[in-house]
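Student: sequence and predicted model, in that order:
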Amino acid sequence: MANTLKSPFGAVDTSLVIAATGATAFTAINAVTVVNTLTTLTGNASITITPSSELLVGSRLYMKLKTTAVETFTFTSGIVAPVVTGVAGKTWSQGFWFDGTNFIPMGAKIQID
C-alpha cells in the first residue's frame, strides 16, 4: 500500500519494496525516499537508482532490509556504497544523502535486530 507523507521538503516516497532476489530499479523524485522491504531477501539482490533531473542536493534516502542468510545486497548506478552481506534473520538500516550526482552513505549500516 502506498502512503504519502509530507516532510518539510514535500512528499515522501514510502512504498518502494526491494525484490526478494534480483534487481530493483527506481527513479528518485522526492526529497525523502524510504525503502522498506516487506519481503525478506532470499537471494542476492541489487538496486539501481536514477536521480530525477529535479532532485535537489541534500535529498535523503533511507533503507531497511532483512536477510534470510548471507545474501549480498549490491548498490549499482545512482548510489555509491559498499556491498552489504547479510546475517541470517537480521535486519539492517542505512541512510544516504544526494550529492548532486549519487546517493552516498551518511554513516555505516546498522544492524537493528
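Tutor: Cool, got the structure.

Student: what about the helix or strand hosting residue 33, average pLDDT?
Tutor: Per DSSP states H and E: residue 33 is located in strand 32-36. Mean per-residue pLDDT for strand 32-36: 82.

Student: which helix or strand lies directly C-terminal to that strand?
Tutor: Per DSSP H and E, the first helix or strand lying C-terminal to strand 32-36 is strand 45-51.

Student: show me what that next one is packed against.
Tutor: Judged by 3 or more C-beta pairs under 8 Å, 6 or more residues apart in numbering; DSSP states H and E, strand 45-51 is in contact with strand 22-28, strand 72-75. C-beta: built from backbone N, CA, C; applies to glycine.

Student: now with 10 Å?
Tutor: Strand 45-51 sits against strand 22-28, strand 32-36, strand 60-66, strand 72-75, strand 91-98, strand 103-105, with contacts defined as 3 or more C-beta pairs under 10 Å, 6 or more residues apart in numbering; DSSP states H and E.

Student: quick one: the shortest one to chain centroid distance?
Tutor: Meaning strand 103-105. 10 Å (C-alpha atoms, centre = their mean, to the nearest Å).

Student: buried residues, that strand. List them.
Tutor: Of all the residues in strand 103-105, those buried under the rule 16 or more other C-beta atoms under 10 Å are 103, 105.

Student: quick revisit: JSON lines for the helices and strands packed on strand 45-51, including distance to residue 47?
Tutor: Shown next, in JSON lines, are the helices and strands packed on strand 45-51 (distance: least, C-beta to C-beta, whole Å):
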{"stretch": "strand 22-28", "distance to residue 47": "5"}
{"stretch": "strand 32-36", "distance to residue 47": "8"}
{"stretch": "strand 60-66", "distance to residue 47": "8"}
{"stretch": "strand 72-75", "distance to residue 47": "6"}
{"stretch": "strand 91-98", "distance to residue 47": "11"}
{"stretch": "strand 103-105", "distance to residue 47": "10"}
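
Student: tell me which of the ones you listed lies nearest to residue 85.
Tutor: strand 72-75 (5.3 Å; C-beta to C-beta).
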